[in-house]
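Participant: Let's see this in three dimensions:
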Amino acid sequence: MTALLLLLLAAAIAAAVWMTVRRVRKGSACCGDKAPTVARTGPKDKRRADYPYTAVLHITGMTCENCARRVENALNAQDGVLAKVDLGTATARIRTAAPPDTRRLCGIVAAAGYMAETAKK
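Facilitator: Numbering: from 1, shown residues only. This is a model prediction of the structure:
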């Protein structure tokens with residue numbers, strides 16, 4: 001009975017390792033070499049003078065430049081928002097045309113698949 005349990009456990013471990021190696025080789029992980037590059041899109045209005053208000057969000061869950069571009073694109077798709085995301089500092093520096101609603105901005109980041117909170121100043 002013990003031998004059968006050990007055999008099943010070994011088979012489960014081997015299957016998990018095989019699936020992980022296969023996933024990494026295909027590049028399906030976020031940072032895989034074969035992952036397509038996410039194109040950067042910006043807001044229609046890029047004049048910084050039109051965005052007098054600022055907010056900084058700390059973002060968790062980003063692991064590569066594609067992640068940062070996804071967040072930046074999601075924020076820049078909003079009217080009245082001009083955002084720049086820095087993967088190295090895990091922050092989004094956001095300029096807005098109206099006083100920023102940080103809850104709404106955090107929700108936009110969450111909808112893109114990442115977590116955000118207002119950065120401590």
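Participant: And the chain, what are its domain boundaries?
Facilitator: The chain breaks down by automatic domain parsing into domains covering 1-35, 48-118.
Participant: avg pLDDT for the longest one?
Facilitator: The reference is to domain 48-118. For domain 48-118, mean pLDDT rounds to 94.
Participant: Compute the distance from the centre of that domain to the centre of its chain.
Facilitator: Relative to the centre of its chain, domain 48-118 is centred 10 Å away, using Cα atoms, centre = their mean, to the nearest Å.
Participant: ok so, going back, mind putting the domains of the chain in CSV, mean neighbour count included?
Facilitator: C-beta coordinates here come from the backbone N, C-alpha and C atoms, glycine included. Output for those, formatted as CSV (neighbours: other Cβ atoms under 10 Å):
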stretch, mean neighbour count
domain 1-35, 10
domain 48-118, 17
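Participant: so which of those comes closest to residue 42?
Facilitator: Closest approach to residue 42 among those (Cβ to Cβ): domain 48-118, 5.3 Å.
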